[in-house]
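In: Need coordinates for the below:
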Amino acid sequence: IKKQILQIPLPDDQYIREQTPKTNIYLHHTAGSSNPFEVVNWWSSNAERVATHFIIAGPPPGGVTQWRDGQICQCYSAMYWGWHLGLKSSEMPKGSKTSTIINSNAVAIEICNWGFLSKNKKGQYINYANGIVPEDQVVQLDTYRGSKYWHKYTDAQLASTKTLLQYLGDRWNIPIGFKGMEIFDIDPRAFKCEPGVYSHVSVRRDKTDCSPQ
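Out: The predicted structure is shown next:
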């Protein structure tokens with residue numbers, strides 16, 4: 001898998017260069033375009049060290065060859081960590097591990113995806129930035145976190161996410177079996193760093209990544 005990974009390195013000051021044990025994997029989506037380079041440029045443009053280790057790219061626009069749909073991109077070594085969860089101690093359940101431990105003990109993956117969508121008067125699907133999302137890129141779910149229309153994760157993205165999860169699970173001895181639909185809501189296991197795979201919504205009520213597609 002290492003040969004398949006596209007390296008898009010972040011500046012050293014955009015993550016914490018401290019080696020930490022890894023017990024969990026967190027899935028996010030970017031709430032943005034299919035372009036992984038735009039994600040890295042955004043992270044690099046501010047002082048906050050919120051970046052994830054990996055990005056799963058979306059379908060490139062016509063003529064673009066810098067990446068492919070489902071391309072696994074790496075921004076920094078999984079030995080290190082970043083503040084990818086945005087936890088506030090005042091909103092964490094009693095008995096939780098500290099925010100530092102929860103963030104630093106996790107490998108984080110971003111999937112390039114717009115997230116929740118709405119319909120305009122013309123019946124078009126619109127992302128939160130008022131961009132039109134083609135109907136064949138839309139999935140309808142039972143209402144989830146206030147929305148029933150979502151930008152669809154592509155087959156290539158899902159396949160690459162599976163491959164990356166298997167690789168990271170083997171590398172860090174993290175169980176990657178599905179922990180149930182509980183990971184798509186506040187999950188007490190995540191706050192205690194019970195080993196496994198979680199989603200950003202497992203620890204944040206105000207987030208929508210990832211959708212349960």
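
In: residue closest to the middle of the chain?
Out: Closest to where the C-alpha atoms of the chain average out (Cα atoms, centre = their mean) is H28, at 1.8 Å.

In: Which pLDDT value belongs to it?
Out: H28 is assigned a predicted lDDT (pLDDT) of 98.

In: swap in N105?
Out: 98.

In: Contacts only, for it.
Out: For N105, the contact set (Cβ atoms under 8 Å, 6 or more residues apart in numbering) comprises T20, P21, K22, T23, N24, W81, K97, C193. Backbone N, C-alpha and C define where each C-beta goes, glycine included.

In: ditto for F191
Out: Neighbours of F191 in contact, by Cβ under 8 Å, 6+ apart: M92, P93, G95, S96, K97, I102, V203.

In: Switch those residues over to TSV; also include distance to W150 and neighbour count.
Out: Formatted as TSV, the contacts of F191 follow (distance: Cβ to Cβ, whole Å; neighbours: other Cβ atoms under 10 Å):
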residue	distance to W150	neighbour count
M92	27	16
P93	27	11
G95	33	8
S96	29	18
K97	30	18
I102	26	23
V203	20	25
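
In: Which members of these are the farthest-apart pair?
Out: Farthest-apart pair in those is G95 and V203; separation 13.8 Å (Cβ to Cβ).

In: Return the member of the contacts of F191 nearest to S147.
Out: Nearest to S147 among the contacts of F191, with distances taken as Cβ to Cβ, is V203, at 19.5 Å.

In: Setting the sequence-adjacent residues aside, check what's closest to that closest one.
Out: Nearest-residue entry for V203: A190, 5.1 Å, with adjacent residues in sequence omitted and distances by Cβ to Cβ, 6 or more residues apart in numbering.

In: That neighbour: which element?
Out: helix 188-191 (DSSP states H and E).

In: average pLDDT across that helix?
Out: pLDDT averaged over helix 188-191 gives 98.

In: Next: stretch 154-173.
Out: Stretch 154-173 comes out at a mean pLDDT of 98.

In: For it, give me every contacting residue.
Out: 1, 22-23, 25, 27, 54, 56-59, 68-72, 78, 107, 109, 111-113, 153, 174-176, 197.

In: Separate out the buried members of these.
Out: 22-23, 25, 27, 54, 56-59, 69-72, 78, 107, 109, 111-113, 153, 174, 176, 197 (16 or more other Cβ atoms under 10 Å).

In: Name the residues of the helix ranked longest in the chain that come out as buried.
Out: As assigned by DSSP state H, the longest helix anywhere in the chain is helix 155-172. For helix 155-172, burial by neighbour count (16+ other Cβ under 10 Å) applies to A156, Q157, S160, T161, L164, L165, Y167, L168, G169, W172.

In: so how far is it from its chain's centroid?
Out: Offset of helix 155-172 from its chain centre (Cα atoms, centre = their mean, to the nearest Å): 13 Å.

In: Since that was my last question, I'll sign off now.
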